[in-house]
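[1] Model the structure of this input:
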Amino acid sequence: MSGKPWDARIAAWLVRPLVQSSVHPNVLTTLRLLAGVIGSLLFATGSAFNLGALFIVCSNFLDHTDGELARMSGKTSRFGHNYDLISDAVVTVGLFAGLGIGLQTSLGLRSVGFGAIAGLAVAAIFHLRNIIETRHGKAATRQASLGGFETEDILYLIPLVTLTEQQTTFLIAAALGAPIALLIVVVQFLNAAESKTETR
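    Okay, here's the model as predicted:
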């Protein structure tokens with residue numbers, strides 16, 4: 001338990017009462033997906049960034065609840081795992097696509113391009129990480145962490161971004177940073193493939 005990030009620990013504590021219930025982990029995955037899609041659609045309106053950020057944060061937290069419940073209740077499944085991965089990709093890509101659409105008033109059509117670049121890069125990252133995990137195990141895709149926080153926890157800062165009206169800066173940074181992150185994952189993918197070849 002001590003090695004888990006803080007949000008996963010809180011999620012485990014919250015879902016513990018559901019272990020003996022009829023609530024299936026896939027229900028929580030669906031709630032996570034719905035919250036993320038609603039948040040993305042709110043971003044796309046261009047006028048509800050703060051509310052959209054709240055839904056995205058809720059979605060990001062709910063992402064930990066399904067896995068914790070599945071492990072504690074013994075309801076893990078290949079379908080549930082894949083459903084979770086697909087939901088992760090849809091929500092994260094939707095986040096950037098929504099921002100790109102919603103920020104056209106300040107950036108014009110460039111914002112759609114920025115959203116597309118960030119979204120496609122993130123989609124590619126999810127795809128490659130899924131391949132790496134399938135071939136080499138979950139440990140091969142473990143994120144960097146510090147003090148109980150992981151790289152993906154930066155999404156919890158989105159409300160600060162919208163409250164300070166820095167969503168334009170965030171989108172541009174994502175359009176620059178996501179392709180760089182993709183290159184890093186590509187290197188990890190190639191290194192993992194090379195190490196597997198050497199062990200044969």
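[2] what sits against the closest residue to residue 79 other than its chain neighbours?
    Spatially, and ignoring its direct neighbours in sequence, residue 79 is nearest to residue 26 (7.8 Å; Cβ to Cβ, 6 or more residues apart in numbering). Every C-beta, even on glycine, is put in place using the N, C-alpha and C of the backbone. Residue 26 sits next to 66, 79-80, 83 when contact means Cβ atoms under 8 Å, 6 or more residues apart in numbering.
[3] Just the buried residues of those residues.
    66, 80, 83 (16 or more other Cβ atoms under 10 Å).
[4] List the contacts of the last one.
    This means residue 83. Per Cβ under 8 Å, 6+ apart, neighbours of residue 83: 26, 29.
[5] tell me which element it is part of?
    Per DSSP states H and E: residue 83 is located in helix 78-102.
[6] possible to save the buried ones among the contacts of residue 26 as TSV with pLDDT and distance to residue 175?
    Below are the buried ones among the contacts of residue 26 laid out as TSV (pLDDT from 0 to 100; distance: Cβ to Cβ, whole Å):
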residue	pLDDT	distance to residue 175
66	93	30
80	91	32
83	93	28
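[7] now the host helix or strand of residue 54, how far from the centre of its chain.
    According to DSSP H and E, residue 54 maps onto helix 49-73. With Cα atoms, centre = their mean, to the nearest Å as the basis, helix 49-73 stands 10 Å off its chain's centre.
[8] quick one on the thing from earlier: quick check: mean pLDDT of whatever helix or strand the residue nearest to residue 79 lives in?
    Here residue 26, judged by DSSP H and E, is contained in helix 25-45. On average, the pLDDT along helix 25-45 is 97.
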